[in-house]
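Novice: With the input below, show me the fold.
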Amino acid sequence: MIRLVARRELTERVRERSFLVSTGITLGIIVLAVLLPLIFGFGGPKHYVVAGGDAAGRAVAEQAVRVADSFDATVVVSDRDPDATVEGGEIRSTDEPDDTLVNILQVANQQVQSAPPPALRVVTSSPVDPDRDAKAGLAFFAILILYGQLLTYGMWVATGVVEEKSSRVVEILLSTIRPRDLLAGKAIGLGLLGLGQLLVISTVGLIVAAVSGALHVDGNLVGAVALSLVWFVLGYAFYASAFAVAGALVPRQEELQGALMPLTMVILISLFAGFAVNENPDGTFAHVTAFIPPMAPVTMPSRIILGAAPAWEVAASVALMLGSTLLLVPFAARIYAAVVLRTGSAVKLREAIRLARAE
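Specialist: Numbering: from 1, shown residues only. Coordinates of the predicted model:
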């Protein structure tokens, strides 16, 4: 019976015009996101902090402040958290400095010398990843897409529950199938549809990146994208049951928005957390969110793509996510079974929990 319900949900949604249109739009966005930076060369920071490690370096840094205008950029001289330090004929930084900054410093170095000097040598303390910027862009869109998928498919679960409840179709269905099996079939069917859509989007994105040369597509990158799909499955399993409960609490579509508000707020907060983590994937906040189940499905994939999440942290985060889901799903199923047949007025969550415990 679960298989029949899952197939029904999947086939009905995949035939909807809105699903096909949204898939096409998403694919178009992915292709543009990969190709536009390559075609136009835009992107990257335009404000830089430079330090001078010695007298010659300080002279170059101060000249860079004046040179920056011609590069449509600004440079500030400071020893506090600099993007690069000029010292001993070298541009020193932790990671590979932005190309625009290197060009500014090279021009500034030539202008402060009386004779044509040798070019400043770029030295980094961390290994240089030539695909750093492209991967950061990919991680950014992974956050957006995962946020959109979790919210969209969660809402589809909730609206499906309300539609069946308000039309009294659920009463017919529950005469032949248990509530838990109906919920499982609905969640599995929509989840497979969402996973299939993401698989198509990911495959097209990787092919375009490889063919255009925008990214070096290797086994590590493919594995990181595959793990992002795993995180969708984990996140969807966590959220789908909660969205189903929200749908079961209300008798009409008009009341659904209020019931979904707490869940949509949690996902929205996770989106902003994902942006913050993408800016600093090695920071304390990034490590903390790995262990917060509602946030991890949005924040972890970008860190995996950027290579900033150690294997033990990925494993621990997945284990915590699985444990939380295994606790939430059975409890949510009991609440769903207890209130899905109640009509008339909306059921408060506290009352629904009490009814579930009484079963």
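Novice: The least confident helix or strand in the chain by mean pLDDT: what's the following helix or strand?
Specialist: One helix or strand of the chain scores below all others by mean pLDDT, DSSP states H and E: helix 17-40, with a mean of 61. Where DSSP states H and E defines the elements, the next helix or strand beyond helix 17-40 is strand 47-52.
Novice: for that following strand, the distance to its chain's centre please.
Specialist: Between the centre of strand 47-52 and the centre of its host chain there is 31 Å, according to Cα atoms, centre = their mean, to the nearest Å.
Novice: for stretch 210-230, same thing?
Specialist: Offset of stretch 210-230 from its chain centre (Cα atoms, centre = their mean): 15 Å.
Novice: Next: stretch 240-253.
Specialist: Taking Cα atoms, centre = their mean, one finds the center of stretch 240-253 at 25 Å from the center of the full chain.
Novice: 44 is where my numbering starts, stick with that
Specialist: That works, and once the first residue is 44, the last one we named lands at stretch 283-296.
Novice: Alpha carbons of stretch 330-341, as CSV, please.
Specialist: Extracted C-alpha coordinates of stretch 330-341, given in CSV (Å, rounded to 0.1, in the frame of the first residue of the first chain):
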residue,chain,number,x,y,z
HIS,A,330,31.1,23.8,13.1
VAL,A,331,28.2,24.5,15.5
THR,A,332,25.5,24.3,12.8
ALA,A,333,26.8,20.9,11.7
PHE,A,334,25.3,19.6,14.9
ILE,A,335,21.9,21.4,14.7
PRO,A,336,19.6,19.0,12.8
PRO,A,337,17.2,21.6,11.3
MET,A,338,20.2,23.7,10.0
ALA,A,339,22.7,20.9,8.9
PRO,A,340,20.9,20.0,5.6
VAL,A,341,21.4,23.5,4.4
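Novice: Can you list the neighbours in contact with that stretch?
Specialist: Stretch 330-341 has contacts (Cβ atoms under 8 Å, 6 or more residues apart in numbering) with 186, 189-190, 193, 274-275, 277-278, 281-282, 309-310, 312-314, 316-317, 320, 342-343, 346, 352, 356-357, 359-360, 363-364, 367-368. Bear in mind the C-beta positions are built from the backbone N, C-alpha and C, glycine included.
Novice: Quick one: mean pLDDT for it?
Specialist: Throughout stretch 330-341, pLDDT has a mean value of 91.
Novice: Show me the shaky parts of this protein.
Specialist: 44-53, 55-66, 68-70, 72-88, 169-177, 214, 257-258, 386-387, 398-399, 401-402 (pLDDT under 70).
Novice: Give me the domain ranges for it.
Specialist: Following automatic domain parsing, the chain resolves into domains at 45-80+174-401, 90-167.
Novice: Present those as CSV; the columns should include mean neighbour count.
Specialist: Putting the domains of the chain into CSV (neighbours: other Cβ atoms under 10 Å) gives the following:
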stretch, mean neighbour count
domain 45-80+174-401, 18
domain 90-167, 17
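Novice: what's the first-to-last distance across stretch 383-392?
Specialist: For stretch 383-392, the first-to-last residue distance is 12 Å (Cα to Cα, to the nearest Å).
Novice: Tell me how far that stretch lies from the chain's centre.
Specialist: In terms of Cα atoms, centre = their mean, the gap separating the centre of stretch 383-392 from the centre of its chain is 34 Å.
Novice: next one: stretch 333-352
Specialist: Worked out by Cα atoms, centre = their mean, stretch 333-352 lies 8 Å from the chain centre.
Novice: Please apply the same query to stretch 178-196.
Specialist: Distance of stretch 178-196 from the chain centroid (Cα atoms, centre = their mean) equals 4 Å.
Novice: cool, stretch 185-199 as well?
Specialist: That offset, for stretch 185-199, works out to 9 Å (Cα atoms, centre = their mean).
Novice: so which helix or strand takes in the spatially most central residue of the chain?
Specialist: For the chain, the residue nearest the mean C-alpha position is Ile186 (1.6 Å; Cα atoms, centre = their mean). Here Ile186 sits within helix 175-209, counting by DSSP H and E.
Novice: next one: that helix to chain centre, how far?
Specialist: 9 Å.
Novice: same for that helix, what does it pack against?
Specialist: Applying 3 or more Cβ pairs under 8 Å, 6 or more residues apart in numbering; DSSP states H and E, one finds that helix 175-209 contacts helix 60-83, helix 212-216, helix 222-255, helix 262-292, helix 299-322, helix 339-348.
Novice: Please produce TSV containing these, extended by distance to Ala380.
Specialist: Formatted as TSV, the helices and strands packed on helix 175-209 follow (distance: least, Cβ to Cβ, whole Å):
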stretch	distance to Ala380
helix 60-83	29
helix 212-216	11
helix 222-255	4
helix 262-292	9
helix 299-322	17
helix 339-348	26
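Novice: Those: which one's closest to Val390?
Specialist: When these are compared by Cβ to Cβ, helix 262-292 sits nearest Val390, at 4.9 Å.
Novice: Just want the angle from the closest one to helix 175-209.
Specialist: Angle between the axes of helix 262-292 and helix 175-209 is 20 degrees (criterion: axes from the mean of the first three to the mean of the last three Cα atoms, to 10 degrees).
Novice: now for helix 262-292, which elements pack on it?
Specialist: Packed against helix 262-292 by the contact rule (3+ Cβ pairs under 8 Å, 6+ apart) you find helix 175-209, helix 222-255, helix 299-322, helix 339-348, helix 354-382, helix 392-401.
Novice: repeat that for 6 Å
Specialist: helix 175-209, helix 222-255, helix 299-322, helix 339-348, helix 354-382 (3 or more Cβ pairs under 6 Å, 6 or more residues apart in numbering; DSSP states H and E).
Novice: Might you report the residue contacts of Leu181?
Specialist: Counting by Cβ atoms under 6 Å, 6 or more residues apart in numbering, Leu181 touches Ile348.
Novice: Okay then, goodbye and thanks.
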